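[1] Provided below for reference: sequence and predicted model.
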Amino acid sequence: MGKDNAVVAKRTIADAPANRLLGLLSSRDYQRLLPHLHRVPLGYRQSLYRARQRLGFVYFIETGVGSLVNTMANGQAAEVGTIGNEGVVGLPLLLGDNRAPTSVYVQVPGAGLRMTAARFSAELARSASMRTVMHRYTHALFNQVAQSAACNHFHSLEQRCCRWILMTHDRMESDEFLLTQEFLAMMLGVQRTGVSAAAGALQRAGFIRYSRGVVTILDRRGLRQGACECYGVSKREFDRLLGVPPAHPAKAREVRPPKRRTDGV
């Protein structure tokens, strides 16, 4: 057994799972899954599954972000969806398939719980309540993808940048995290020069600090005010379908810091 899957998740059923979907399962369903879940690190650009290849595992992300990517015949790639601690990597299995035309790889490193696709499919077939939870997540993810398509058409680059930074922040345990220009460019559908301009504007506004691919959230309320409506729409849909997650201190601080006095007082 490799080092990456040797550690069995040591949570009791009384513990609150860091992954939102696992937290929604019934005690019986969660207990059946628990012996098969193995905690693994999720490294930057790690492949979680590849297009048109059989899925070997599913991943319940705890921290970090997986990117659902569609690659064109000429090699150009576009990010069409993201998966964090609200979901599971392995959507085709939820829909009765074991392959997809898209790939998923890690864009923001973190950690998650992994189990074999065969075991997951067997447990899914066994439990109607588990299928209900997973199908609600599938609906929420489709809503996110549809909202993103409309967002890219109607909203400004800076608004969309605020939205994606907020969505990434929601999935992390810290106000500081890796968010490369390459990933932001894929999410925003622009060249890296566009990312530099948008991130620079948010930095000058005092919302973030962005250096060498690392984002530090300085003013979350400012980001909320600068984001388009799509952040709130997507978040409300996830909360409606999956329930409101517990507030995290890193996200609760949405109060704009006071401006410095310049009159010497």
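    Now that the structure is in, tell me what you want to look at. Numbering: from 1, shown residues only.
[2] Residue 142: helix or strand, and which one exactly?
    Residue 142 belongs to helix 128-154 when assigned by DSSP states H and E.
[3] What is that helix packed up against?
    In this structure, helix 128-154 makes packing contacts with helix 20-24, helix 27-33, strand 77-83, helix 91-94, helix 117-126, helix 157-170, helix 229-242, judged by 3 or more Cβ pairs under 8 Å, 6 or more residues apart in numbering; DSSP states H and E. Placement of C-beta: from N, CA and C, glycine included.
[4] So which of these is nearest residue 212?
    Within the helices and strands packed on helix 128-154, the stretch nearest residue 212 is helix 157-170; the backing value is 15.9 Å (Cβ to Cβ).
[5] Next, the buried residues of stretch 157-177.
    157-173, 175, 177 (16 or more other Cβ atoms under 10 Å).
[6] Quick check: which ranges of the stretch 101-250 of the chain have low pLDDT?
    Applying pLDDT under 70 to the stretch 101-250 of the chain flags residues 246-250.
[7] Of the helices and strands packed on helix 128-154, which stretch is the most buried?
    Most buried of the helices and strands packed on helix 128-154, by mean neighbour count (mean count of other Cβ atoms under 10 Å): helix 157-170, with a mean of 22.
[8] ok, and what's touching the very next helix or strand once past it?
    Sequence-wise, the next helix or strand downstream of helix 157-170 (DSSP H and E) is strand 176-178. With contacts defined as Cβ atoms under 8 Å, 6 or more residues apart in numbering, strand 176-178 is touched by 44, 108, 109, 168, 169, 213, 214, 215, 216, 217.
[9] So in that sheet, which strands flank strand 176-178, and in what orientation?
    Applying DSSP bridges, strand 176-178 is found paired with strand 214-217 (antiparallel).
[10] residues making contact with the partner strand?
    For strand 214-217, the surrounding residues in contact (Cβ under 8 Å, 6+ apart) are 165, 168-169, 175-179, 207-210, 223, 250.
[11] and the most centrally placed residue in the chain, what are its phi and psi?
    For the chain, residue 84 is the residue whose C-alpha lies nearest the centre (Cα atoms, centre = their mean; 2.6 Å). Torsion angles at residue 84 (phi, psi; degrees, to the nearest 10) stand at phi -130, psi -150.
[12] Could you list which residues are in contact with the closest residue to it other than its chain neighbours?
    Leaving out its chain neighbours, the residue that sits closest to residue 84 by Cβ to Cβ, 6 or more residues apart in numbering is residue 171, at 3.1 Å. Contact analysis of residue 171 by Cβ under 8 Å, 6+ apart lists 61, 63, 64, 65, 84, 85, 86, 108, 110.
[13] Swap in 10 Å and give it another go.
    By Cβ atoms under 10 Å, 6 or more residues apart in numbering, the contact set of residue 171 is 20, 61-66, 82-87, 108, 110, 177.
[14] try residue 186
    If a contact means Cβ under 10 Å, 6+ apart, then residue 186 has 67, 69, 77, 78, 79, 80, 107, 164, 180, 195 as its contacts.
[15] Touching, the third one and residue 183? I think so.
    No. In this structure residue 77 lies outside contact range of residue 183 using Cβ atoms under 10 Å: 11.2 Å.
[16] Overlap in contacts, these two.
    Residues within reach of residue 77 and of residue 183 at once, by Cβ under 10 Å, 6+ apart, are residue 67.
[17] Next one: the closest residue to residue 129 other than its chain neighbours relative to residue 41, how far apart?
    Leaving aside its sequence neighbours, residue 129 sits nearest to residue 26 (Cβ to Cβ, 6+ apart; 5.3 Å). Using Cβ to Cβ, to the nearest Å, we find residue 26 at a distance of 29 Å from residue 41.
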